[in-house]
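Participant: Sequence first, then the predicted structure, then my questions.
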Amino acid sequence: MDNRRTLGKIEFYITNVCNLTCEDCNRFNNFKFSGWQRWQDYADIYAQWAKKITFDKITILGGEPLLNPTICDWILGINNTWHKPVQILSNGTRLNHVDGLYNTLVNRKNWIGVSLHNVNEFDGFEKEVYKFLKGSFKKKEEENFTGNKKFPAFSYNYSDNNGAMVSVYCQDTFINTPLIQTAPDQFKLYNNDPVKSHSVCGFAKHKNYHFIKGKFYKCGPSALLPEFDQQFNIDLSDEDRQLLHAYQPLSIDRYDEHGAEFFDNLDQPIPQCKFCPYEISAKKIFPISKEFSL
């Protein structure tokens, strides 16, 4: 009998680095946000986590995860630790630039999920998919996939007879994020009722919990805003900066003592929700390539 805690899904966030400028990226990777993680640095910690908790669905993302030099180590490491397949959520631009990526999919039921941010690039991207898939392939349009009436939406699955699969869906609208840019490389945050902000939060609604550097976080902003502040020095009062950095993720060494309380309250608002918007607006994005450094 498996006595581990089971959650619906987890997102392994492995890099801040991205090669696109998608306005209102909800993990702030449209800016020159640096830093990435090696699987081997956290493999032992995640092996301990796997004894405590399991998931129905596992996703690797960033940033652009295919820019992480150890992406294949992450995929196979998670496979071997949790004995589950992995979705790698990508913008699709690096599909044919990662040595060994195809072989991490074949016969392991791992798959690439591509969030295509510019629908005008679909034809060119499809050629990249055909190039990536090595065997005889097939294409299937997903049924009952509808999007915002103002913008086109689509979803396709591509697979080959070797067991590799790439899915692509339209994602050319983003909603506003906690970061308010006031000048180049200058930012401030919202100051809202945390309960109101939490009530409209997509991370909360979809239970997008994060593993980052071996620790379990309620959401992306709770982990990434403090790191972003360290790199960009967000315009904050001393009190708000202290609050921003006060959130405590769950580490494996605190699991036995604090795990039950942490998970009992995981879907409740936290004080740091005040930094997020509660009036949500969506707009079309127009990403362009940008320089990046690891």
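Facilitator: Everything's here; your move. Numbering: from 1, shown residues only.

Participant: Report how many residues lie close to the closest residue in space to Asn30 that isn't next to it in sequence.
Facilitator: In this structure, Asn30 finds its nearest non-sequential neighbour in Thr21, 4.7 Å apart by Cβ to Cβ, 6 or more residues apart in numbering. In this view, the C-beta of every residue, glycine as well, is placed from N, C-alpha and C. Residues lying near Thr21 (other Cβ atoms under 10 Å) number 16.

Participant: try Gly259
Facilitator: 16.

Participant: Pro178: neighbour count?
Facilitator: With other Cβ under 10 Å as criterion, Pro178 counts 25.

Participant: separation between it and Phe228?
Facilitator: Distance, Pro178 to Phe228, by Cβ to Cβ, to the nearest Å: 9 Å.

Participant: swap in Leu179?
Facilitator: 8 Å.

Participant: Residues that sit against both of the two, list them.
Facilitator: By the contact definition Cβ atoms under 8 Å, 6 or more residues apart in numbering, Leu179 and Phe228 are jointly contacted by Phe28, Phe187, Ile234.

Participant: Sitting in strands, which of the residues you listed do you find?
Facilitator: Members of those lying in strands (criterion: DSSP state E): Phe187.

Participant: List the buried residues in stretch 32-52.
Facilitator: Phe33, Trp36, Gln37, Trp39, Tyr42, Ala43, Ile45, Tyr46, Trp49, Ala50 (16 or more other Cβ atoms under 10 Å).

Participant: Can I take it that Ala43 is in a helix?
Facilitator: Yes - Ala43 forms part of a helix when assessed by DSSP: H, G, I helix; E, B strand; the rest coil.

Participant: Now it. Nearest residue, chain neighbours left out?
Facilitator: Once flanking residues are discounted, Ala43 sits nearest to Gly77: 5.7 Å by Cβ to Cβ, 6+ apart.

Participant: Could you pull up the residues touching the one you found?
Facilitator: Applying Cβ under 8 Å, 6+ apart to Gly77 gives the contacts Trp39, Gln40, Ala43, Tyr46.

Participant: now the buried residues of stretch 32-52 in CSV, with pLDDT and distance to Asn118?
Facilitator: Output for those, formatted as CSV (pLDDT from 0 to 100; distance: Cβ to Cβ, whole Å):
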residue, pLDDT, distance to Asn118
Phe33, 97, 21
Trp36, 98, 24
Gln37, 98, 28
Trp39, 98, 30
Tyr42, 98, 33
Ala43, 98, 36
Ile45, 98, 37
Tyr46, 98, 34
Trp49, 98, 36
Ala50, 98, 37
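
Participant: Filter those down to the ones in helices?
Facilitator: Of the buried residues of stretch 32-52, the ones assigned to helices by DSSP state H are Trp39, Tyr42, Ala43, Ile45, Tyr46, Trp49.

Participant: if I pick the residue lying closest to the fourth one once chain neighbours are set aside, what's in contact with it?
Facilitator: This means Ile45. Excluding its sequence neighbours, the residue lying closest to Ile45 (Cβ to Cβ, 6+ apart) is Gly214, at 3.8 Å. Gly214 makes contact with Tyr42, Ile45, Tyr46, Trp49, Ser251, Ile252, according to Cβ under 8 Å, 6+ apart.

Participant: can you check Phe203 too?
Facilitator: Phe203 neighbours (Cβ under 8 Å, 6+ apart): Asn26, Lys218, Cys219, Gly220, Pro221.

Participant: now the helices for the stretch 151-294 of the chain?
Facilitator: In the stretch 151-294 of the chain, the helices defined using DSSP state H, counting those that start in this stretch lie at 194-199, 202-205, 220-232, 238-244, 255-264.

Participant: which of those is buried the deepest?
Facilitator: Highest mean neighbour count among those (mean count of other Cβ atoms under 10 Å): helix 220-232, with a mean of 19.

Participant: Need the residues that contact that one.
Facilitator: If you take Cβ under 8 Å, 6+ apart as the criterion, helix 220-232 is touched by 11, 13, 16, 26-28, 31, 33-35, 177-179, 185-187, 189, 203, 208, 210, 212, 215, 217, 234, 236, 241, 244-245, 247, 249, 270, 272, 275-276.

Participant: So what does the residue nearest to Ala43 look like in phi/psi?
Facilitator: phi -60, psi -40 (degrees, to the nearest 10).

Participant: how far is the lowest-mean-pLDDT helix or strand in the chain from where the chain is centred?
Facilitator: Here the helix or strand of the chain ranked lowest by mean pLDDT, DSSP states H and E is strand 137-141, holding a mean of 80. Between the centre of strand 137-141 and the centre of its chain there are 26 Å (Cα atoms, centre = their mean, to the nearest Å).
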